[in-house]
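> below: sequence and its predicted model.
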Amino acid sequence: MLLSPKARLACLALILLSAGVSVVLFEPQRLLSSGWPPQVSGAGAVLVFGLAYGVCTAALVPRPILNLAAGALFGAQAGFAAALGGTVLGAGLSFALGRALGQEALRPYVRGRWLRAADGQLSRHGFRSMLAIRLFPGMPFAVANYAAAVSRMRYVPFLAATGLGSVPNTLAYVIAGSQATSPTSPAFLVSAGFIVLSASVAAVVGWRKRHRLTAAVTPAEAETETVAAMPREPVPAGATATAGAGATTGAGAAAGPASREG
C-alpha cells in the first residue's frame, strides 16, 4: 500500500474522531423524544434507520441506546430487523476499517499475557470466541470489533458470529424500547429481566474464565515471542571479514600438518 502502517493508523483515528464529532453534532438521541421524521415512513424508514445504526455503531455510539430507539420508533418486529441489520453492518464496517488501517500497525504491540491470550483465542477459535462475546456482552461492542480486526480472525466467521450472538440481547432491548410507555407490562418486565440476567452471567463467566484465558499462552510461547521481539544488532562488516579470514587461516593450518605427514 502507498501509506505506511502508522500513517494508516492515523487515518483510522481521524475517521473515528470525525464520525464521533458528527454524531455529537447530529444528536441521534433526539429521535427518542421527537420521533422519526414524517418524510420517511414504512420500509424505507426501517432501511434508513438500519444504515444509520451501522454508521453510528462504527462511530462508537453505544448499541443499547440505538436498540431502545429502534423499538420505540418501529415496534418490536420492524425495530428488531433494523437493529440486527445495523448491528451486522456496523460490525462489518469496524472490522474492515480496523483490518485495513490498523492491523499492521497494532500487531507489534500485542504483548503481555492477556493481550496475547485474547489474540490467540480470536485467531484460532474466531467464531466460537466471538459468539460467546456477543451472547454475553461483557466487552464493549466497538472494542470487540477492533480487537477481532487486529487479530487473524477471518471476516465471514466474524460476521456470522456477530449476527447469531447478537440476537437475544438485541431483541430484549428492542422489546423494552417498544414497551417503554408501559413499564409494568409483562413484555417489558421479561425483557428487562433478561438484560439484567445476561449482564450478570457475562460477569460471572468472565470472572471464572480469566485464568483459562491467561493460561492460553504457555511459557514456551511467551519465551519464543519475547526472543522474536528482541531487536537484533547488526554485525559489522569488518567483523564478518575478520571471521572469514580466521576461518580460512584455520583451515590452512589444519591442512599444513596433514600434507607434511603425507
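Done, it's in.
> use CA for all of it now, contacts and neighbours both
Noted.
> ranges for the helices of the stretch 101-250 of the chain?
Using DSSP state H, counting those that start in this stretch, the helices assigned to the stretch 101-250 of the chain run over residues 103-106, 113-124, 126-135, 141-150, 155-165, 167-178, 186-208, 210-215, 219-229, 237-261.
> tell me the buried residues in the lengthiest helix in the chain?
Determined from DSSP state H, the single longest helix within the chain is helix 63-97. For helix 63-97, the neighbour count (16 or more other Cα atoms under 10 Å) marks 63-64, 66-76, 78-97 as buried.
> which stretch in the helices of the stretch 101-250 of the chain has the least confidence?
Per-stretch mean pLDDT for these is lowest at helix 219-229 (a mean of 44).
> burial of the residue lying closest to residue 93 once chain neighbours are set aside, as a residue count?
Once flanking residues are discounted, residue 93 sits nearest to residue 58: 6.3 Å by Cα to Cα, 6 or more residues apart in numbering. By other Cα atoms under 10 Å, the residues close to residue 58 number 27.
> with residue 40 instead?
Using other Cα under 10 Å, residue 40 has 11 neighbouring residues.
> need the three-state assignment for it.
Here residue 40 is recorded as coil under DSSP: H, G, I helix; E, B strand; the rest coil.
> dump the residue contacts of it.
Not one residue lies near residue 40 by Cα atoms under 8 Å, 6 or more residues apart in numbering.
> thinking again about what came up before, what angle do the longest helix of the chain and helix 167-178 make?
Between helix 63-97 and helix 167-178, the angle comes out at 140 degrees (axes from the mean of the first three to the mean of the last three Cα atoms, to 10 degrees).
> now helix 63-97: mean pLDDT?
Mean pLDDT, computed over helix 63-97, is 93.
> elements contacting it?
Counting contacts by 3 or more Cα pairs under 8 Å, 6 or more residues apart in numbering; DSSP states H and E, helix 63-97 packs against helix 31-34, helix 42-58, helix 141-150, helix 155-165, helix 167-178.
> most packed of these?
Neighbour counts (mean count of other Cα atoms under 10 Å) averaged over each of the helices and strands packed on helix 63-97 peak at helix 167-178, with a mean of 25.
> quick one, grab the pLDDT at the residue nearest to residue 93.
You'll see residue 58 listed with a pLDDT of 87.
> please apply the same query to residue 40.
Note on residue 40: pLDDT of 72.
> now do the contacts for the residue nearest to residue 49 when sequence neighbours are not counted.
Among residues not flanking residue 49 along the chain, residue 82 sits closest, at 6.5 Å (Cα to Cα, 6+ apart). By Cα under 8 Å, 6+ apart, residue 82 lies in contact with 46, 47, 49, 50, 53, 70.
> need the contact list for the third one.
Spelled out, it's residue 49. Residue 49 is in contact with 70, 82, 86, counting by Cα under 8 Å, 6+ apart.
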